[in-house]
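Asker: Below are the sequence and a predicted model for it; my questions follow.
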Amino acid sequence: MSSEAMLHPSQKPSKRGLRLTGIAIATVLIAIVVIGLVTRSTQASSLKTWTQEQAIPTVTVVMPAPGKSGPVLDLPGQLQAFIRAPIYAQVSGYLKAWNTDIGTPVKAGQLLGEISTPELDQQLQQAQADLASAKANADLAGVTAKRWQAMLGSDSVAQQDVDQRTADYTAKLAQMKAAQANVDRLHAAKAFARIVAPFDGVVTARDTDVGALINAGGGTGPELFVVSDIHKLRVYVQVPQRYAPSIRPGSVAVLAVPEYPGREFHAKVVATADAVNTASGTTLVQLQVDNTGNQLMPGSFAHVRFALPVDATALRVPASSLIFDNAGLRVATVGEDDKIAFKKVSILSDYGKTVEIGSGLSAGDRVIDSPPDGIKDGDAVKIATDDTVVKPHEKA
């Protein structure tokens, strides 16, 4: 035998070693299989638990609460002059001249125009002549009555004749006074030939011209001029019956007019009709607004905004919490057992992002904001976090 064979003798594995090796390999394989099965089971259980958790919707809730500010009532209004006087003719004739045109500031007693009255002038001359005749007759009757009274003392005339002359004098004196009254009446009528401004203001209309035939109107004929006092204006608004108790004398409002976009004027309520118009269901409210700068025009349209007081008993929720379906208008609330409970509600006022609830909710209800589709009464839900429980006015 060579030396190499002596150094490297052949070694054959024993049966026992092979058995141990097989057992070790089998153990490792079994362990791998068991670990895999356990891992798979754990994952399946976790998946099932996650799936069950995901099946319960997570919702955000809000607590109904009164708003921080009251509603704003925006209504159309009409501006009118503080005082407006249409000027009619009180005598007939022809317009001789007009002295003021539209937009002219005038003072009380200032001449606006003058009427030529030829017929009235003739009547006045005749009345003056009648007065002179009546005065002469009365003077003569008076002298005659005195003479007859003097002769009565000498028993030269009868008492009947004296009484007759005295009565004639009394009658002639009454005729003179009647003639004087007629003259005074015509003088007063002649004074109306001068058309004057009744107060300080502005001429806002002139509906006549030189040479126009003027008929004494007494309110039925055409207006010759219109004089308006516009240093302050009246604002008339029809307020719905529901809001009438909130708008009382002393309340303030903000006016906006088309000719001044973005600008505001402040008015104050001075009177209310305290009666409801049966045709419209509104009550008339009168406001006054200062117009010393003559920026506002009588007769124009205005938006009138009233800031109404906060109703401490009215609760507000986000408009996104409302559900309107076949069951009507409802909100979804979360009960103490974290289950859905639907409540029917009515809207008192709509403010856009929030609504004021008239009935159906209490301050302690947890209202779901933006409720998920498909939820039903009695479904279990999860509330997202305490941080999401906000008041509706904080959300708005």
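Answerer: Nice, I can see it. Since we're looking at a predicted model, the values are computed, not measured.
Asker: Please, where are all the helices along the stretch 51-200 of the chain?
Answerer: Residue ranges of the helices in the stretch 51-200 of the chain, as given by DSSP state H, counting those that start in this stretch, are 118-152, 159-191.
Asker: Could you list the buried residues of the last one?
Answerer: Translated: helix 159-191. Neighbour-count burial for helix 159-191 flags 162, 165-166, 168-169, 172-173, 175-176, 179-180, 182-183, 186, 189-190 (criterion: 16 or more other C-beta atoms under 10 Å). (Glycine included, C-beta is placed from N, CA and C.)
Asker: next one: stretch 252-267
Answerer: Neighbour-count burial for stretch 252-267 flags 253-257, 265, 267 (criterion: 16+ other C-beta under 10 Å).
Asker: Check the offset of that stretch from the chain's centre.
Answerer: From the chain centre to the centre of stretch 252-267 is a distance of 12 Å (C-alpha atoms, centre = their mean, to the nearest Å).
Asker: Kindly report the same for stretch 153-165.
Answerer: Computed by C-alpha atoms, centre = their mean, the chain-centroid distance of stretch 153-165 equals 84 Å.
Asker: Can you list the neighbours in contact with it?
Answerer: With contact meaning C-beta atoms under 8 Å, 6 or more residues apart in numbering, stretch 153-165 is reached by 141, 144-145, 148-149, 151-152.
Asker: Strands along the stretch 251-396 of the chain, start to end?
Answerer: Assigned by DSSP state E, counting those that start in this stretch, the stretch 251-396 of the chain shows strands spanning 252-256, 265-272, 282-290, 301-307, 315-318, 322-325, 328-334, 340-344, 346-350, 354-359, 367-369, 382-383.
Asker: a markdown table please, covering these and showing mean pLDDT and distance to N99.
Answerer: Formatted as a markdown table, these follow (pLDDT from 0 to 100; distance: least, C-beta to C-beta, whole Å):
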| stretch | mean pLDDT | distance to N99 |
| --- | --- | --- |
| strand 252-256 | 94 | 34 |
| strand 265-272 | 94 | 33 |
| strand 282-290 | 95 | 30 |
| strand 301-307 | 93 | 32 |
| strand 315-318 | 87 | 62 |
| strand 322-325 | 86 | 66 |
| strand 328-334 | 87 | 67 |
| strand 340-344 | 87 | 71 |
| strand 346-350 | 82 | 55 |
| strand 354-359 | 83 | 59 |
| strand 367-369 | 87 | 71 |
| strand 382-383 | 82 | 81 |
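Asker: Which one of the buried residues of helix 159-191 is nearest to Q128?
Answerer: Comparing those against Q128 with C-beta to C-beta places V183 closest, at 5.6 Å.
Asker: For the residue positioned nearest the centre of the chain, name its beta-bridge partners.
Answerer: The chain has L75 as the residue nearest its centroid, 2.9 Å off, counting by C-alpha atoms, centre = their mean. Beta bridges link L75 to V304, judged by DSSP bridges.
Asker: pretty sure it is in contact with A244, am I right?
Answerer: No - with contacts counted by C-beta atoms under 8 Å, L75 stays clear of A244, the gap being 11.7 Å.
Asker: Setting aside sequence neighbours, what's the nearest residue to I230?
Answerer: Excluding the flanking residues, the one nearest I230 by C-beta to C-beta, 6 or more residues apart in numbering is A81, at 5.2 Å.
Asker: I meant to write H187 there.
Answerer: Here the residue nearest H187, using C-beta to C-beta, 6+ apart, is L124, at 7.0 Å.
Asker: Share the number of residues neighbouring the one you found, please.
Answerer: Neighbourhood size, L124 [other C-beta atoms under 10 Å]: 18.
Asker: Name all residues that make contact with it.
Answerer: Listed by C-beta under 8 Å, 6+ apart, the contact partners of L124 are 183, 186-187, 190.
Asker: same thing but 7 Å
Answerer: 186-187, 190 (C-beta atoms under 7 Å, 6 or more residues apart in numbering).
Asker: Would you convert those into a markdown table that also reports pLDDT and distance to I56?
Answerer: Output for the contacts of L124, formatted as a markdown table (pLDDT from 0 to 100; distance: C-beta to C-beta, whole Å):
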| residue | pLDDT | distance to I56 |
| --- | --- | --- |
| L186 | 92 | 101 |
| H187 | 93 | 100 |
| K190 | 92 | 98 |
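Asker: any idea which of the residues you listed is closest to K339?
Answerer: Using C-beta to C-beta, K190 comes nearest to K339 of the contacts of L124, at 93.9 Å.
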